[in-house]
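S.K.: Build me a model from this:
(2 chains)
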There are 2 protein chains.
Amino acid sequence: VTADSHPSRISPASPLDVEDLRARVNSALRTFLDGRSASLERIGEPLTPVVHALRDFLLDGGKRLRPAFCYWGWRGSGGPAGEEIVTAATSLELLQACALIHDDLMDGSDTRRGLPSIHRRFAALHRRSGWLGAPDGFGAAAAILLGDLCLSWSDEMFAGCGLPPSRLGRGKAVFDVMRTELMAGQYLDVLEQAVGGGSVERSRRVIRFKSAKYTIERPLHIGAALTGAPDEVLAAFSAYGLPLGEAFQLRDDVLGVFGDPAETGKPAGDDLREGKRTVLVAMALERAGEHQAEVVRRLLGDPGLDADGVDRLRQVIVETGALTEAEKMIDRRTEESLAALEAAPVTDPARAVLADLARAATARRV
Amino acid sequence: VTADSHPSRISPASPLDVEDLRARVNSALRTFLDGRSASLERIGEPLTPVVHALRDFLLDGGKRLRPAFCYWGWRGSGGPAGEEIVTAATSLELLQACALIHDDLMDGSDTRRGLPSIHRRFAALHRRSGWLGAPDGFGAAAAILLGDLCLSWSDEMFAGCGLPPSRLGRGKAVFDVMRTELMAGQYLDVLEQAVGGGSVERSRRVIRFKSAKYTIERPLHIGAALTGAPDEVLAAFSAYGLPLGEAFQLRDDVLGVFGDPAETGKPAGDDLREGKRTVLVAMALERAGEHQAEVVRRLLGDPGLDADGVDRLRQVIVETGALTEAEKMIDRRTEESLAALEAAPVTDPARAVLADLARAATARRV
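M.R.: Numbering: from 1, shown residues only, chains lettered A, B, ... in the order given. Coordinates of the predicted model:
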């Protein structure tokens, strides 16, 4: 059974709903950045490269998943269409920008969606300008500070969305919990790479906090909390969001190993070269024989891994059955999520869009 | 004329006021951290080292200057003594913790107030545990994430201080401006080190944003804005805070070069070893002859600088007259600040404490 064959009484959403929201999120982000850019440039002309880097990074046409879940969490709980909730939801993109900028620096990633990552961009500026000191140190400092700016701006955009304080309070409480979970999840992820344990159980905890809660469950909760929704609505969103988040992250693990560089915006096998300890890798290690485990130990995380090495690692992941098991788990979790959505006490238009988002985020692409 | 000889009608503050506030800030910080530590440990047992590191860093008995200025900005504008303003003011220590943790990482500083900096502490944990990968990379990632946590918690503590939303709004607006100024100022500082220009004018802009506004003016404004104080009170706090901030940073520059390691918590001459482009260094370069400039170019920023090298750089700073000029500028700015304070439309107890804070922060210590 795949998610697509699930018998469903959910009617399909209008593709317009999803596209229209993305356009409104982009426009809200542009307006917000215009204001903040002006403040930065008033402080000093040397801040112009910061302004340009943030615009390029933030207005690059990402999927805007977290704003979508936040918005439909609100609409699903009976909140009216309006600009305030779009602004509140868009603030999550600024938090995500901080997470990505800091994550790329921690991982030493050179690119992000096909463009140089922020620390690489500023290292290049340093090199081009012939400045003193190490270009990489300058790049790292800029990435730390630009991430900090995005993190600060995120809560400013949320607080300034125009909803009355009485509404904002409950939403902000969830927003706050989510930020701590995100950073704690990132730490657990970094630790997991360092410990290199490869336990499926521990990898799944990382996913839960870093990905399932942060990308799906909490954005839905924020939207719902902003309408003052009762606890059963939040519980229904958890029942939909947590398994979906796990499926979504597993899809990402699979794409990171087998995905088309044109789609992922990263060189083929980049996750293997970085040595990411994903649930997919943990599954392969759990099933690996002596020789297969030796291949993983030797090649995973080798920065100079070539196409041949990538192929050998892919082979282990296929031959151990880890890929098949991951695809099965993606299907099961997506099923579970869609079943919870059918039963959820939410509005029908939201149900339709959330079903579409679930299918789109987890569908096979290789 | 030194600040101490300034004829003043300001009566001295009770030392109790300052000590008492520090104790209340420490207690508010401890209570807040207890709550957040529990949340982290619920996420997972491996977060215990994060909890310990943050407690050690935050409860280390810093001077709590920013909370003091925020608190006295409130009292000076007629706000009543109470726990809410202490909590709001204490949130600035969390912002400062983020700035210090990230700053130490950017500067590659090994210590902070005599203890290992956060990235060193986690690099040591990595090494001790025999984990995979580079200890320094792990330390850097942990420092980035712990700084992000402190930055997030800062606005949570502010928003949750217990003052009504109608009051909080104006204060939060200043809080937001301050964060952007801080990060922009940090970027300008990093850039100044890279460009190595050594212009007094540009170094003073860095001070203005990174130090004078962030440490003194904006905390006062936040306190005043929370009471709903009129614009002339905010203007008076600027007239007191900006010159004082410059004097305070110059005192720090002097201590960074000539200070007693027992007081600064850093090895003697550490700022010279790091190659910090301070206003003091810029003054020396502006006055330096050919040979003196050559000494600075060769030795400033040399990570292996020994006691003899430190002495030679100190000599240049003394012989060019830069030290004398810096001391004069500290005196003039402190004067200016105290004169503005006398004329300020603020309450007398606040006037007394703010005068004491100004003298304590700028007095000669070498």
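S.K.: helices or strands next to the least confident helix or strand in chain A by mean pLDDT in the packing?
M.R.: For chain A, scoring each helix and strand by mean pLDDT, DSSP states H and E identifies helix A:261-264 as the least confident one, at a mean of 80. Counting contacts by 3 or more Cβ pairs under 8 Å, 6 or more residues apart in numbering or on different chains; DSSP states H and E, the secondary-structure elements packed against helix A:261-264 are helix A:231-258. All C-beta atoms are positioned from the backbone trio N, CA, C, and that covers glycine.
S.K.: chain center to the helix it packs on, what's the gap?
M.R.: In this view, helix A:231-258 has its centroid 11 Å away from the chain centroid, taken as Cα atoms, centre = their mean, to the nearest Å.
S.K.: Return the set of buried residues in it.
M.R.: Neighbour-count burial for helix A:231-258, with 16 or more other Cβ atoms under 10 Å in any protein chain shown as criterion, is recorded at A:233-234, A:236-258.
S.K.: With stretch A:68-88 instead?
M.R.: Neighbour-count burial for stretch A:68-88, counted by 16+ other Cβ under 10 Å, picks out A:68-77, A:79, A:84-88.
S.K.: just stretch A:262-275 next, same as before
M.R.: A:Thr264, A:Lys266, A:Ala268, A:Gly269, A:Asp270, A:Asp271, A:Leu272, A:Arg273, A:Glu274, A:Gly275.
S.K.: ok, so what distance separates the fourth one from A:Arg24?
M.R.: A:Gly269 sits 37 Å away from A:Arg24 when distances are taken as Cβ to Cβ, to the nearest Å.
S.K.: Poorly predicted segments of the stretch 51-200 of chain A, please.
M.R.: By pLDDT under 70, the low-scoring segments of the stretch 51-200 of chain A are A:197-198.
S.K.: where do the helices sit along it?
M.R.: A:65-76, A:83-107, A:118-129, A:135-159, A:165-195, A:200-207 (DSSP state H, counting those that start in this stretch).
S.K.: looking at those, which is buried most?
M.R.: Of all these, helix A:65-76 has the most neighbours on average by mean count of other Cβ atoms under 10 Å in any protein chain shown, namely a mean of 28.
S.K.: So which residues on the stretch 251-366 of chain A come close to chain B?
M.R.: Applying the criterion Cβ under 8 Å from any Cβ of the partner chain, the portion of the stretch 251-366 of chain A that neighbours chain B consists of A:Gly275, A:Gly301.
S.K.: residue ranges of the helices in the stretch 251-366 of chain A, please?
M.R.: In chain order, the stretch 251-366 of chain A shows helices spanning A:261-264, A:270-274, A:279-287, A:290-299, A:307-319, A:322-343, A:348-362, with DSSP H, counting those that start in this stretch as the criterion.
S.K.: Of all these, which one is nearest B:Ala38?
M.R.: helix A:279-287 (27.9 Å; Cβ to Cβ).
S.K.: Could you tell me the angle between that closest one and helix A:290-299?
M.R.: Orientation note: helix A:279-287 sits at an angle of 140 degrees relative to helix A:290-299 (axes from the mean of the first three to the mean of the last three Cα atoms, to 10 degrees).
S.K.: can you list the residues that contact helix A:279-287?
M.R.: For helix A:279-287, contacts defined as Cβ atoms under 8 Å, 6 or more residues apart in numbering or on different chains pick out A:198-200, A:202-204, A:207, A:249-250, A:253-254, A:257, A:292-293, A:296, A:300, A:316-317, A:320-323, A:325-326.
S.K.: At the geometric centre of chain A, which residue sits there?
M.R.: For chain A, the residue nearest the mean C-alpha position is A:Thr215 (5.6 Å; Cα atoms, centre = their mean).
S.K.: That one belongs to a strand?
M.R.: No: the assignment for A:Thr215 is helix, going by DSSP: H, G, I helix; E, B strand; the rest coil, so no strand is present there.
S.K.: re earlier: what would the buried residues of stretch A:262-275 look like in a markdown table with distance to A:Ala361?
M.R.: Conversion of these to a markdown table gives the following (distance: Cβ to Cβ, whole Å):
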| residue | distance to A:Ala361 |
| --- | --- |
| A:Thr264 | 14 |
| A:Lys266 | 18 |
| A:Ala268 | 22 |
| A:Gly269 | 22 |
| A:Asp270 | 20 |
| A:Asp271 | 18 |
| A:Leu272 | 23 |
| A:Arg273 | 25 |
| A:Glu274 | 22 |
| A:Gly275 | 25 |
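S.K.: which one of those is nearest chain B?
M.R.: Lowest distance from chain B to those (Cβ to the nearest Cβ) belongs to A:Gly275, with 7.9 Å.
S.K.: Next, the closest residue to that closest one other than its chain neighbours: phi, psi?
M.R.: By the measure of Cβ to Cβ, 6 or more residues apart in numbering or on different chains, the closest residue to A:Gly275 outside its immediate chain neighbours is A:Gly301, 2.3 Å from it. With angles defined as degrees, to the nearest 10, A:Gly301 shows backbone torsions of phi 90, psi 10.
S.K.: Verify the stated contact: A:Gly301 with A:Arg273.
M.R.: Yes: at 7.4 Å, A:Gly301 and A:Arg273 qualify as touching, with contact defined as Cβ atoms under 8 Å.
S.K.: pLDDT at the residue nearest to the centre of chain A, what is it?
M.R.: Per-residue confidence at A:Thr215 stands at 94 (pLDDT).
S.K.: is it true that it touches A:Leu65?
M.R.: Yes: with contact defined as Cβ under 8 Å, A:Thr215 counts as touching A:Leu65 (6.1 Å).
S.K.: contacting residues for A:Arg22?
M.R.: With Cβ under 8 Å, 6+ apart as the criterion, the residues that contact A:Arg22 are A:Lys63, A:Arg64, A:Ala68.
S.K.: Could you single out the nearest of these to chain B?
M.R.: Compare each of the contacts of A:Arg22 with chain B using Cβ to the nearest Cβ and the shortest gap goes to A:Arg64, at 21.7 Å.
S.K.: The closest one: neighbour count?
M.R.: Close neighbours of A:Arg64, defined as other Cβ atoms under 10 Å in any protein chain shown, add up to 22.
S.K.: my guess is it meets A:Leu21, correct?
M.R.: Yes: taking Cβ under 8 Å as the definition, A:Arg64 is a contact partner of A:Leu21 at 7.5 Å.
S.K.: Between the two, which contacts overlap?
M.R.: With Cβ under 8 Å, 6+ apart applied, the contact sets of A:Arg64 and A:Leu21 do not overlap.
S.K.: State whether A:Glu181 and A:Phe209 are indeed in contact, as I suppose.
M.R.: Yes: taking Cβ under 8 Å as the contact criterion, A:Glu181 and A:Phe209 are neighbours in contact, 4.9 Å apart.
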